[in-house]
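Undergrad: Okay, here's the prediction I keep looking at, along with the sequence it came from:
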Amino acid sequence: MKLVIAVVHDEDSHKLLESLTCKGYMATKLASTGGFLKTGNTTFLIGVPKDRVEDVTGIIKDNCKTEKQMTLVNPPIPSSIEGCMPYPVEVTVGGATVFVIDVEQHFKF
């Protein structure tokens, strides 16, 4: 048994959950927040047999695409004269960060 942990952009979460359930996979959906952009993410916990991991990661890959977007960030060291003036930076958003870990025991009550 494996546990697939997928952190995805909020905009992709509904489509991903629908695709997972259509293929018969159950997932636990948790709200989360990214550390850099401080935007909404969704973290999925998906328990699957070892031989189904590639299928699940393929579904995640097909439903979570990246895109470029401009955002404002504050400089790391504020100037004493100007204060913290945000400046635009192009960042990649979306996609998924996926972890696959071994599950020693699994119980369903």
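TA: Ah, there it is.
Undergrad: All the helices of the protein, in order from the start?
TA: The residue ranges that make up the helices of the chain, judged by DSSP state H, are 10-22, 53-63.
Undergrad: so can I have CSV of these showing mean neighbour count?
TA: The C-beta positions use only the backbone N, C-alpha and C, and glycine is treated the same way. What follows is the helices of the chain, written out as CSV (neighbours: other CB atoms under 10 Å):
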stretch, mean neighbour count
helix 10-22, 15
helix 53-63, 16
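Undergrad: Looking at those helices, spot the one closest to residue 89.
TA: Comparison of the helices of the chain against residue 89 by CB to CB identifies helix 10-22 as nearest, at 19.7 Å.
Undergrad: Low-confidence regions, the chain specifically.
TA: In the predicted model of the chain, residues 35-38, 69, 71-85, 91-93 satisfy pLDDT under 70.
Undergrad: just so I have it, where are all the strands in it?
TA: Per DSSP state E, the chain has strands spanning 2-9, 28-33, 40-48, 66-73, 87-94, 96-102. These are given in chain order.
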